[in-house]
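Asks: return a 3D structure for these sequence lines:
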Amino acid sequence: MSTAEQQGIGNNLQGTVLALLATLGVAAALLLAPILPQIIAAFPDDPNAELKVILALAAPSLVVAFTAPFIGRVVERFGRKPVLVTALTLYLCCGTAPFFLDTLEAIILTRLGVGLGEAGVMTASTTLIGDYFKGERRERWLVVQTGVAAISAVFFSLVAGSLGELGWRFPFLVYAMPLFYIPFVIFGMPEPKPEASSGSSGSWNDFPWRRVLPLYAIGLPAALLFFVVPIQTPFLLTERGFGSPQLIGQVAAIGGIGVTAGGFLFKSLDRLSLFQNLTIAFVLIASGLGIFAGADSYLLTVVGVIVASLGCGMTLPAILTSLMNALSFNERGRGTGGWQTVFFVGNFLSPISVLAATALLGGLETALLALAVLSGAGAVLCLLASRPARGGGEARIVAADE
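Replies: Model (predicted):
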């Protein structure tokens, strides 16, 4: 077998661009968050302005959750590259449109378009990483993709805040980023050819559900936990008297770096099985959330953020790498689309779950401690799943292209 067959046909420039496309998904939500009060204030005659603006914020994630599996099928049928170019164009047009619009109803409609474009970009680009790269190179680029997304969250928050000083419309201009990516995708990313063993015919009936459903089942709580620290940090710091934007921004940046470091920690432990990696990850998350919730000082809070972020940075590339390995060429689009649904459902449920637990248990710190306990339980379950099976081999999810 040639080196290209073992490692894939992709080059470093293609990998870099595909990883950077993950930032578009982050921007879909974070560019609006700092300017929500300004948008509401810009429509004083609309009695439902607050509700509509919140709907505009949440719309892209909900669209991704509902449409990504179907877009995965479109990716398999019509090709990765055509879907990616179309999705980037839709993201560009709908993302920048609010700069010129004067009604919240029209802005909400464009935000639905952003979500559809985001679903196409995330599904097609992640599928292409699975197509272009194999083995260690695939693991590395999936780690880079997760790390880039985590760090870009800090960047977009800062950019949105700065541009917001010029007016609420200006942050929407950042959605013009696809202008830089579309030419490269057209001229620098060839459509991958089907592999020799291309798997299922394309119907949902013969999709390898038995291989992917366990990964989706693990991925949902992992995605939910992934968003706990970045979403809850401002609230917890404010409760403790450290609520200045500068301190919150510092902790957000540290968390993003921690997620990136966690991805490379997974890469350094790539000889371990999925469940062994997840055992370590959930132990780190449980420990980090415990410190995060139980600390009474800024320094210990930061320590908790770092430890939990390391664990979160391990989970997503570990699960996504296993998913890519478990799918053949003709299955990869649907499998990646399903993953995007799982991930964004976790994104949506994370603040709701914490809010419900806070009301039920009587405080945010108690709710976070409960999540730490649940993370510890997840570590125990993963440890049990990593034990050798009766046949002598370690319990693991069978990969299609290993």
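
Asks: which non-adjacent residue is nearest the residue nearest in space to the middle of the chain?
Replies: Centroid-nearest residue in the chain, with Cα atoms, centre = their mean: Phe343, separated by 6.0 Å. Once flanking residues are discounted, Phe343 sits nearest to Ala223: 4.7 Å by Cβ to Cβ, 6 or more residues apart in numbering. For glycine as for every other residue, the C-beta is placed from the backbone atoms N, C-alpha and C.

Asks: cool, and Phe184?
Replies: Here the residue nearest Phe184, using Cβ to Cβ, 6+ apart, is Val17, at 5.7 Å.

Asks: and that neighbour, what does it touch?
Replies: Applying Cβ atoms under 8 Å, 6 or more residues apart in numbering to Val17 gives the contacts Tyr181, Phe184, Val185, Gly188, Met189.

Asks: which of those fall within helices?
Replies: Among the contacts of Val17, the members falling in helices (DSSP state H) are Tyr181, Phe184, Val185, Gly188.

Asks: any weak-confidence spans in the stretch 301-402 of the chain?
Replies: 388-402 (pLDDT under 70).

Asks: can you check the chain too?
Replies: The chain contains residues with pLDDT under 70 at 1-8, 195-205, 245, 388-402.

Asks: okay, domains of it per the record?
Replies: Annotated domains of the chain cover 1-193, 207-388 [automatic domain parsing].

Asks: so which bits of the helix or strand harbouring the residue nearest to Phe184 are buried?
Replies: In this assignment (DSSP states H and E), Val17 forms part of helix 12-20. Under the neighbour-count criterion of 16 or more other Cβ atoms under 10 Å, helix 12-20 has Gln14, Gly15, Val17, Leu18, Ala19, Leu20 buried.

Asks: of the residues you listed, which pair is most distant in space?
Replies: The largest distance within these, taken as Cβ to Cβ, falls between Gln14 and Leu20 and amounts to 10.8 Å.

Asks: which elements pack onto the helix or strand that contains Ala261?
Replies: In the assignment (DSSP H and E), Ala261 maps to helix 245-268. When contacts are defined as 3 or more Cβ pairs under 8 Å, 6 or more residues apart in numbering; DSSP states H and E, helix 245-268 packs onto helix 135-164, helix 228-239, helix 274-294, helix 298-325.

Asks: repeat the analysis, applying 7 Å as the threshold.
Replies: helix 135-164, helix 228-239, helix 298-325 (3 or more Cβ pairs under 7 Å, 6 or more residues apart in numbering; DSSP states H and E).

Asks: now for Leu51, how many residues are close by?
Replies: Applying other Cβ atoms under 10 Å, we find 12 residues neighbouring Leu51.

Asks: and the helix or strand hosting it, what's buried?
Replies: If you go by DSSP H and E, Leu51 is part of helix 49-78. In terms of neighbour count (16+ other Cβ under 10 Å), helix 49-78 has its buried residues at 49, 52-53, 55-65, 67-69, 71-76.

Asks: and whatever helix or strand comes next after it, what's buried?
Replies: Next along the chain after helix 49-78, taking DSSP H and E as the criterion, comes helix 80-96. The neighbour-count criterion (16+ other Cβ under 10 Å) identifies 80-81, 83-88, 90-96 as the buried residues of helix 80-96.

Asks: now do the buried residues in the helix or strand just after helix 80-96.
Replies: Per DSSP H and E, the first helix or strand lying C-terminal to helix 80-96 is helix 104-132. Within helix 104-132, the residues scored as buried using 16+ other Cβ under 10 Å are 104, 107-108, 110-132.

Asks: helix 104-132 to helix 12-20, inter-axis angle?
Replies: Helix 104-132 runs at 140 degrees relative to helix 12-20, counting by axes from the mean of the first three to the mean of the last three Cα atoms, to 10 degrees.

Asks: quick one: helix 104-132 to chain centroid distance?
Replies: Relative to its chain's centre, helix 104-132 lies at 13 Å (Cα atoms, centre = their mean, to the nearest Å).
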